[in-house]
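Engineer: Have a look at this prediction, sequence included:
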Amino acid sequence: MTNQIKMLFGIRTSEPVSLSITADGPLPQQPPDLRIKTSEQEIAIPYSDNAWVTTLGAGDHIAYMLAPGDSWFDARLTFSLGAPATIVSCTGAASALLTWTATAGVAGDPKNPWPPPLDGNATAPLARSAWLGSTLTTMSSQVSRDLDRSAPPYAPPAGTGGPGRLR
């Protein structure tokens, strides 16, 4: 069975910050864990009290959720951070990294948080983190290949104007 990723994005923070992810609809009886990956470790955060909640230390993190088979759900995921942090998304055929500063966003695409800013504040490339950029690009490429084989095309939420599914 293919491990489909419900969401995938990077977070860069210069200080510890709380991360909370909530769903806007029903979840399976046993919701999947939120996974947080750093260059040193990977941890699983279980769903509890209607959210996935953790504190991230200063540094680079990748937040993602595997939702294969019985764990898949259609609800959109919304994230919020306790302080502004750099959000990193991998998009486009060339796997370009987009970055912006935010305290919240919607992770409705299986790969990218929505919406990236439409005001021109998104920038690429991501400076000073070979690990974050290369790991996020690799994971996004894998998601793209899995989706090409097993799922219908993704359409971004109405009004985001953002890119669609990776190819």
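Structural biologist: That came through fine.

Engineer: Now tell me what touches the host helix or strand of residue 43 from outside.
Structural biologist: Per DSSP states H and E, residue 43 falls inside strand 42-45. The contact list for strand 42-45 (CB atoms under 8 Å, 6 or more residues apart in numbering) reads 33-36, 52-54. (Glycine included, C-beta is placed from N, CA and C.)

Engineer: ok, then the element right after that strand?
Structural biologist: strand 52-56.

Engineer: Please spell out which residues along that following strand are buried.
Structural biologist: 52-54, 56 (16 or more other CB atoms under 10 Å).

Engineer: Kindly report the same for stretch 10-21.
Structural biologist: Those would be 10-13, 17, 19-21, for stretch 10-21 by 16+ other CB under 10 Å.

Engineer: Just the endpoints, please. Distance across that stretch?
Structural biologist: 14 Å (CA to CA, to the nearest Å).

Engineer: For this structure, give the strand that spans the most residues.
Structural biologist: strand 77-91 (DSSP state E).

Engineer: tell me which strands and helices whichever helix or strand comes after that strand is in contact with?
Structural biologist: Downstream of strand 77-91, the next assigned helix or strand under DSSP H and E is strand 96-107. With contacts taken as 3 or more CB pairs under 8 Å, 6 or more residues apart in numbering; DSSP states H and E, strand 96-107 sits against strand 5-13, strand 77-91, helix 130-150.

Engineer: again, only this time at 7 Å
Structural biologist: strand 77-91 (3 or more CB pairs under 7 Å, 6 or more residues apart in numbering; DSSP states H and E).

Engineer: May I have the strand it packs on as PDB, with CA atoms only?
Structural biologist: The C-alpha trace of strand 77-91 is given here as PDB (Å, rounded to 0.1, in the frame of the first residue of the first chain):
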ATOM      1  CA  LEU A  77      -6.000  20.800   8.000                       C
ATOM      2  CA  THR A  78      -5.200  24.200   9.500                       C
ATOM      3  CA  PHE A  79      -2.000  25.000  11.300                       C
ATOM      4  CA  SER A  80      -1.200  27.800  13.800                       C
ATOM      5  CA  LEU A  81       2.100  28.800  15.400                       C
ATOM      6  CA  GLY A  82       2.600  30.600  18.700                       C
ATOM      7  CA  ALA A  83       4.900  33.100  17.000                       C
ATOM      8  CA  PRO A  84       5.800  34.100  13.400                       C
ATOM      9  CA  ALA A  85       8.000  31.600  11.600                       C
ATOM     10  CA  THR A  86       9.200  30.900   8.100                       C
ATOM     11  CA  ILE A  87       6.900  28.500   6.300                       C
ATOM     12  CA  VAL A  88       8.600  26.600   3.400                       C
ATOM     13  CA  SER A  89       6.700  24.900   0.600                       C
ATOM     14  CA  CYS A  90       8.000  23.000  -2.400                       C
ATOM     15  CA  THR A  91       6.100  23.600  -5.600                       C
END
